[in-house]
Structure formats: structure tokens, C-alpha cells
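Participant: Next input, structure requested:
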Amino acid sequence: MKNLVLDSFAVLAYLQEEKGAAEVRSMLTKAKSGEVGLFLSAVNLGEIAYITERSAGLTKVHSVLTVLQALPLNIVDVNQEIALRAAHFKATFPIAYADCFALALADHLGGCVVTGDPEFEKAEKQVQVYWLPRKEASKNPDRSKKQS
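Facilitator: Below is the predicted model of the structure:
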């Protein structure tokens, strides 16, 4: 079974029906049937929550969390091993720290990161990346320019 790690870009594309939503929906269907394992780091879950709260408020965060809990998606807590792998990625590449947790989890699982975030190009030789279509320009500053 192939392990796929969604980053916040992929989850938000799915939730907001943006480019790439159909591909993420297909991955969810495959996860439900057991064809793939679908994972999300708890750090990336937090990133989704803060981006949603900034753009739509706390009530929307609660509805997003309810939707995510119903999906065939394994939310993975951060342990010491994942934290240290993420730290290594952050020390090696100029990538947002939350993105490093998606990389670390994919590396740990022997899987690939699902994203459309161009930041992941920097680590593509270290961890396999499944590329979703990218948006031309984001209206949400948190989606187009992440804080490191």
C-alpha cells in the first residue's frame, strides 16, 4: 500500500474546491477502500486550523475539523523522531517549518507528500512529491507566502 501525506495546501484545495480538489477526492476514495494510506501531520492540521480561522473565523474551524474527522485520513501526532526529522529538513532547506513536518512524516512512512506548494521543490530529491495543480495567484496571503 502506498502512503500519501497531505500537506495543508492539499487539504485546503480539497476543502475550498480549488485546483487539485478532484485529485485529493480520488485519494480519499482510494484510502477508504484501502488502496492507499492517507496521512496528515498534527502540525499541518494546526496550520489548516490557523489559516481557516484567519480567513473565516473560529466557527468555520470547528466545521472543518468535523469534516476532516469523518475522512479516511490518519492524523499523526508528532513524536521525537518526526520532530527531529523535521528539524533536519528545516536546517537543510529554506522551507516553512510546518512543511518540514509533512516532509518528515512522508520520509518516516516511506511515502510521498501531496502538495501544490512550490516550496517543496527544494526537498524533492529527498522525499517524493505528488504535485497537485498550482493556483496562479493566491488571494489568501497565508496560502501564497508562509511564515518560516
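
Participant: so the closest residue in space to Gly46 that isn't next to it in sequence is in which element?
Facilitator: The shortest distance from Gly46 to any non-neighbouring residue, by C-beta to C-beta, 6 or more residues apart in numbering, is to Ala98 (7.6 Å). To be clear about C-beta, it is placed using only N, CA and C from the backbone, and glycine gets the same treatment. Element membership for Ala98 (DSSP states H and E) is helix 97-109.

Participant: what's the distance between that helix and the middle of its chain?
Facilitator: Helix 97-109 sits 9 Å away from the centroid of its parent chain (C-alpha atoms, centre = their mean, to the nearest Å).

Participant: outside of that helix, which residues touch it?
Facilitator: Identification of contacts with helix 97-109 by C-beta atoms under 8 Å, 6 or more residues apart in numbering yields 3, 5-8, 37, 39, 41, 43-44, 46-47, 76, 78, 81-83, 85-90, 93, 95, 112-113, 115, 117, 119-120, 123, 126-128, 146, 148.

Participant: Please pull up the helix or strand immediately following it.
Facilitator: Assignment by DSSP H and E places the next element after helix 97-109 at strand 112-115.

Participant: how about the helices of this structure, start to end?
Facilitator: Applying DSSP state H to the chain gives helices spanning 8-15, 21-32, 42-56, 58-69, 80-92, 97-109, 141-144.

Participant: quick revisit: what angle sits between the helix holding Ala98 and helix 8-15?
Facilitator: 90 degrees (axes from the mean of the first three to the mean of the last three C-alpha atoms, to 10 degrees).

Participant: in helix 97-109, what counts as buried?
Facilitator: Buried residues in helix 97-109, counted by 16 or more other C-beta atoms under 10 Å: 98-109.

Participant: again with stretch 12-25
Facilitator: Residues 12-15, 18, 20-21, 23-24 are the ones in stretch 12-25 that count as buried (16+ other C-beta under 10 Å).
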